[in-house]
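Visitor: Sharing a model prediction with you, sequence too.
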Amino acid sequence: MIDKTVASAADAVFGIEDGSTVMIGGFGRAGQPVELIDALIAQGAGDLTIVSNNAGNGDTGLAALLARGRVRRMICSFPRQHDSWVFDGLYRAGKIELELVPQGNLAERIRAAGAGIGGFFTPTGVGTDLAQGKEERVIDGRRYILEHPIAADVALISAYRGDRWGNLVYRETARNFGPVMASAATVTVAQVDHVVELGAIEPESVVTPGIFVDRVVAVPPRRWVDHGRFVGGVDIDGEPLEVTR
Amino acid sequence: MTGLGRVELAQRIARDIPEGAYVNLGIGAPTLVADHLPDGLEIILHTENGLLGMGRAPEPGAVDPDLINAGKQPVTALPGAAYFHHADSFGMMRGGHLDVCVLGAFQVSSSGDLANWSTGAPGAIPAVGGAMDLAIGAKSVWVMTDLLARDGTSKLVSECTYPLTGVACVSRVYTDRAVFDVMPDGFRVRELLGGSTVAELESLTALTLRDRP
């Protein structure tokens, strides 16, 4: 019997080594696997290269991992945000390396790694500072630059439902980088709101087939969803609206 | 000449978007265009983080943190909306499937080069996001901006001095003083706004402008 589910977030991040490249899903806070990141912080791996669209929000999740000094290098498209003070401080102090990648090139480089593509020519970035040092080629009269795949040792992603074979469905725009990251890592770990019985996810509706997923762990459900229905009552950070911040 | 306000300019841009268009509105002022799309027309808004059929902001109390736009603000999804992952979303741009995108700008050159992601200031933390993908990724790339920067210099220039976002990618510029088309031989005034004259625009931009056809 195949059973990719594990009992705890700590079990889910077991074996991540110092110096690893770790992909972390999410666009801002949507789809950020906060419970897995917290488990990674507790697990203790350091000297990490993190691949993620942003570089942390506020003081939780990816920002907390950065604050602990566990990250040597960030590969991302949009580190600077109104609430990215943790990254900003590390960057200004010269304590973290940054590889800035246009967002679509980031997604496609990850997709390429997962699909066994050795590189691709893209028009994005042509003629800009971010094309410096990259091979340029004219194809059918248009300029393109060569981009290489980005693979990882581990991907940490967040989905809505998963089964013991690792099939996943996501919720709304929290899907974002999850499917491509799942395909591009040696070990892919998915946290899900609900582990469901095999067959409970319609085969037509599976977004990430289980072949791309190695470990599935259930985390507490989102406060704003009940039985798949939006029940509201939260702010953009998922905090209850009654709480005055 | 007084110039249009932000909201009036958003209304002006919204009028030029045809029914059936797939449209991406960039972060910042272009987001305002969504609030002025004509009622009764079906125009499909794309957001880079994986949604076609984006609707307006939710009521307070109906904020769903899983449902956000590129600026990470809460939005809604219309009936008929579709979710997809990031590689598909940027494939829609790069593959030329979007009809229009509207972006902000620091500078636009007379050959249609766009600078809108970095001022190149020393010590600034660089962040590009989807700007470079959007700049080259729609059939029509429109810029929404004031004609003049805060320091009074023209944002329409013969050559960009800020770092480029994309080369020869802008087709039209909507400013508070006029709408310009980017033609093979430079900017052409398409429409004067707020009582401007072509002579005044030439004085403000220090460019030679072609007048309306």
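Guide: Arrived safely, thanks for sending. In this text, all values refer to a predicted model and were calculated from it rather than measured experimentally.
Visitor: sec struct for B:V179, please.
Guide: Under DSSP: H, G, I helix; E, B strand; the rest coil, B:V179 falls in the strand class.
Visitor: B:A87 too?
Guide: helix.
Visitor: so it makes contact with A:N105?
Guide: No. Using CB atoms under 8 Å, B:A87 is not in contact with A:N105, being 10.4 Å away. Every residue, glycine included, has its C-beta placed from N, CA and C.
Visitor: I'd assumed A:F121 was in contact with A:R137.
Guide: Yes. Taking contacts as CB under 8 Å, A:R137 lies within contact range of A:F121: 5.8 Å.
Visitor: For these two, indicate the residue with more neighbours.
Guide: Each of A:R137 and A:F121 has its neighbours counted (other CB atoms under 10 Å in any protein chain shown); A:F121 has more, 17 against 10.
Visitor: Quick check: that one vs chain B, distance?
Guide: A:F121 sits 11 Å away from chain B, going by CB to the nearest CB, to the nearest Å.
Visitor: can you pull out the helices in chain A?
Guide: For chain A, the helices defined by DSSP state H cover A:9-12, A:34-43, A:62-67, A:85-92, A:103-115, A:178-183.
Visitor: Using the three-state scheme, assign the residue of chain B found nearest chain A.
Guide: Nearest residue of chain B to chain A, counting by CB to the nearest CB: B:F90, 3.0 Å away. Under three-state DSSP, B:F90 falls in the helix class.
Visitor: Contact partners for the residue nearest to it when sequence neighbours are not counted?
Guide: Distances taken as CB to CB, 6 or more residues apart in numbering or on different chains put A:G104 closest to B:F90, at 3.0 Å, once the chain neighbours are dropped. By CB atoms under 8 Å, 6 or more residues apart in numbering or on different chains, the residues touching A:G104 are A:T122, A:T124, B:H86, B:S89, B:F90, B:G91, B:M93, B:R94, B:G130, B:M132, B:D133, B:G137.
Visitor: So the fourth one is in contact with B:N24, correct?
Guide: Think B:S89. No. Using CB under 8 Å, B:S89 is not in contact with B:N24; the gap is 9.7 Å.
Visitor: Mind listing the shared neighbours of the two?
Guide: With CB under 8 Å, 6+ apart, B:S89 and B:N24 have common neighbours B:H46, B:E48.
Visitor: so what's the residue lying farthest from the centre of chain B up against?
Guide: What lies farthest from the middle of chain B is B:G61; by CA atoms, centre = their mean that is 30.1 Å. Taking CB under 8 Å, 6+ apart, we find B:G61 in contact with A:G232, A:G233, A:L241.
Visitor: Shouldn't it be within a helix?
Guide: No. When classified by three-state DSSP, B:G61 is found to be coil rather than part of a helix.
Visitor: What confidence value was assigned to it?
Guide: Note on B:G61: pLDDT of 79.
Visitor: quick one, phi psi at it?
Guide: Phi and psi for B:G61, reported as degrees, to the nearest 10, are phi 90, psi -10.
Visitor: Helices of chain B, residue ranges please.
Guide: For chain B, the helices defined by DSSP H occupy B:6-15, B:86-94, B:131-135, B:198-205.
Visitor: quick one, which of those is packed in tightest?
Guide: Among the helices of chain B, helix B:131-135 has the highest mean neighbour count (mean count of other CB atoms under 10 Å in any protein chain shown), at a mean of 31.
Visitor: Where do the strands of chain A begin and end?
Guide: Under the criterion DSSP state E, strands of chain A are mapped to A:21-24, A:48-51, A:71-76, A:97-100, A:120-122, A:136-139, A:142-147, A:152-162, A:168-169, A:185-195, A:215-218, A:225-226, A:229-230.
Visitor: Same list (the ones you listed) but as TSV, adding distance to A:L130 and mean pLDDT.
Guide: As requested, the strands of chain A are arranged in TSV below (distance: least, CB to CB, whole Å; pLDDT from 0 to 100):
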stretch	distance to A:L130	mean pLDDT
strand A:21-24	20	98
strand A:48-51	16	98
strand A:71-76	13	98
strand A:97-100	7	97
strand A:120-122	11	98
strand A:136-139	12	98
strand A:142-147	9	98
strand A:152-162	21	98
strand A:168-169	32	98
strand A:185-195	24	98
strand A:215-218	34	98
strand A:225-226	38	88
strand A:229-230	38	84
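Visitor: Out of the ones you listed, the one nearest B:T153 is which?
Guide: Of all the strands of chain A, strand A:97-100 sits nearest to B:T153, with 26.7 Å by CB to CB.
Visitor: How about the closest one and chain B, touching?
Guide: Yes. Against chain B, strand A:97-100 shows contacts by CB under 8 Å from any CB of the partner chain at A:L98, A:L100.
Visitor: And that strand, what does it pack against?
Guide: Identification of packing neighbours for strand A:97-100 by 3 or more CB pairs under 8 Å, 6 or more residues apart in numbering or on different chains; DSSP states H and E yields strand A:71-76.
Visitor: Measure how the strand it packs on sits relative to helix A:85-92, angle-wise.
Guide: 110 degrees (axes from the mean of the first three to the mean of the last three CA atoms, to 10 degrees).
Visitor: neighbouring contacts of strand A:71-76?
Guide: Counting by CB under 8 Å, 6+ apart, A:47-55, A:65-66, A:87, A:96-101, A:106, A:150 sit against strand A:71-76.
Visitor: PyMOL command for the buried members of these?
Guide: To isolate the buried ones among those in PyMOL, judged by 16 or more other CB atoms under 10 Å in any protein chain shown, type:
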select buried, chain A and resi 48+49+50+51+52+53+54+55+65+66+87+96+98+100+101+106+150
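Visitor: hmm, back to that, which of the contacts of B:G61 tops the neighbour count?
Guide: Neighbour-wise, the contacts of B:G61 (other CB under 10 Å) top out at A:G232, 17 neighbours.
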